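1. pasting a predicted model and its sequence here:
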Amino acid sequence: DIASPSRLRLALVQIDDVQSLARGQGSQAESLLYFAIANIGQELLHKHGSCEAADMKSGHLVFIVGGESRDLAMLADRFRELQHTILQYYRVTFTVTLSDPFEDYREITAHYNLAVRHANYRMVFGKGAVLEPERVRSCEANDTFRIPQELERRLTEGLKSGDLEETEQAIRSWRELIGGFSFENMYSALLHLAVTLSNTLGEMNHHNLNPVSVNVQAINRRILEKETLDEIETVLLEVVREVFEQRRNGREDKNRLLADTVKEIIDKHFADPDLNVQRIADMLKMSSVYIGQVFKAQEGTTVVDQINATRLARARTYLEQQELTVAEIMEKVGFGNESYFYRLFKRRYGTTPKEYRLKSAIEKSI
């Protein structure tokens, strides 16, 4: 249907989310949709000139359109109309890559090959885009390859230091930067990002008692399955958030274990009058300040208060069940100062040790 000679323009169509489409509607869905797009597209484009469509059986469809310069200049608008129609009827989107206008049909192959290349920039401009040649020229002309060391350092230090906000911002900055790269360099930068992430997590796990469990191969596979940088950014943000969540849970598990260990030591050594935070820290070969902070965060009370509470509870039991004197009980539970013992006991139970014993004896005899 193409008049020759005439001015021509080529459009390459790619259905978005083909893998999801196949999972949801079966392996034949892609071919049927390309058939529908070809038919509806030719009917629409025939209103403004000549048109032929061909399913290349390579994951895309090609339209060759002939007509006046003005009509070819408006081709992007025609395809946006086609996109809208297909979305209404089939609930799918597709991306269009347009060639520059050309005069000779013998240039079709060259423009087709260039359109196949430019179609890769869906990665940058997103699904449902109409890619005019001028939109991708700046990326094609960009020969930048390396990621600045400062940006790489921000990512690794953010991960290691546990700064989620800094790590997320580094990933977003990375994505913004490589969005201006040429297609080949963009993929190289993405692979470099995946390697950097893998190496950093490996280094963190090597020095961490609670290693994070991240399947790097699965991450790479998820990245390669995505069609846009926005989707890849989302995957990477999900990964780092999972890492930080695991680290947070790991710290909480470790802190819970430490608090329980401190309570076990107190239960076992409460009778030692020299038992205090420093003594416990020496047993565990850890900082007394750190132990105090973790215990307070986990239990809502200080180590000293826990020691006193344990001693007072045991003293109350002795007062109820044994014929020891108050002084003997005080010494038996680790208190070395009588007035301090009396003051703490009354504050906790509302009565002195002697009054408590008397009241307990009366209650038993009733």
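-> That came through fine.

2. what about the helix or strand harbouring K263, average pLDDT?
-> Using DSSP states H and E, K263 sits within helix 229-269. Computed over helix 229-269, the mean pLDDT rounds to 86.

3. pull the following helix or strand past that helix out as PDB, backbone CA atoms only.
-> Per DSSP H and E, the first helix or strand lying C-terminal to helix 229-269 is helix 277-284. Taking Å, rounded to 0.1, in the frame of the first residue of the first chain, the C-alpha atoms of helix 277-284 are listed here in PDB:
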ATOM      1  CA  VAL A 277      26.500  -3.400  86.100                       C
ATOM      2  CA  GLN A 278      30.300  -3.300  85.800                       C
ATOM      3  CA  ARG A 279      30.600  -6.800  87.300                       C
ATOM      4  CA  ILE A 280      28.100  -8.200  84.800                       C
ATOM      5  CA  ALA A 281      29.900  -6.300  82.000                       C
ATOM      6  CA  ASP A 282      33.200  -8.000  83.100                       C
ATOM      7  CA  MET A 283      31.500 -11.400  83.000                       C
ATOM      8  CA  LEU A 284      30.300 -10.800  79.400                       C
END
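
4. what residues does helix 277-284 touch?
-> Contacts with helix 277-284, where a contact means CB atoms under 8 Å, 6 or more residues apart in numbering, come from 258, 261-262, 265-266, 269, 272, 287-288, 291-292, 303-304. C-betas here are computed from N, CA, C, even on glycine.

5. where is the longest strand in the protein?
-> Of all the segments of type strand in the chain, defined by DSSP state E, the longest one is strand 8-15.

6. pLDDT of that strand, averaged?
-> What strand 8-15 shows for mean pLDDT is 96.

7. do stretch 119-135 as well
-> When pLDDT is averaged over stretch 119-135, the result is 96.

8. residue ranges for the strands of the stretch 1-150 of the chain, please.
-> Secondary structure of the stretch 1-150 of the chain (DSSP state E, counting those that start in this stretch): strands at 8-15, 50-55, 61-66, 94-98, 130-131.

9. now for the longest one, which elements pack on it?
-> Judged by 3 or more CB pairs under 8 Å, 6 or more residues apart in numbering; DSSP states H and E, the packing partners of strand 8-15 are helix 29-45, strand 61-66, helix 75-90, strand 94-98, helix 108-118.

10. just the ones you listed: most buried one?
-> strand 94-98 (a mean of 26; mean count of other CB atoms under 10 Å).

11. on that earlier part again, any chance of TSV for the contacts of helix 277-284, columns neighbour count?
-> As requested, these are exported to TSV (neighbours: other CB atoms under 10 Å):
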residue	neighbour count
L258	17
T261	15
V262	25
I265	17
I266	20
H269	16
D272	12
S287	12
S288	16
I291	20
G292	18
V303	25
V304	13
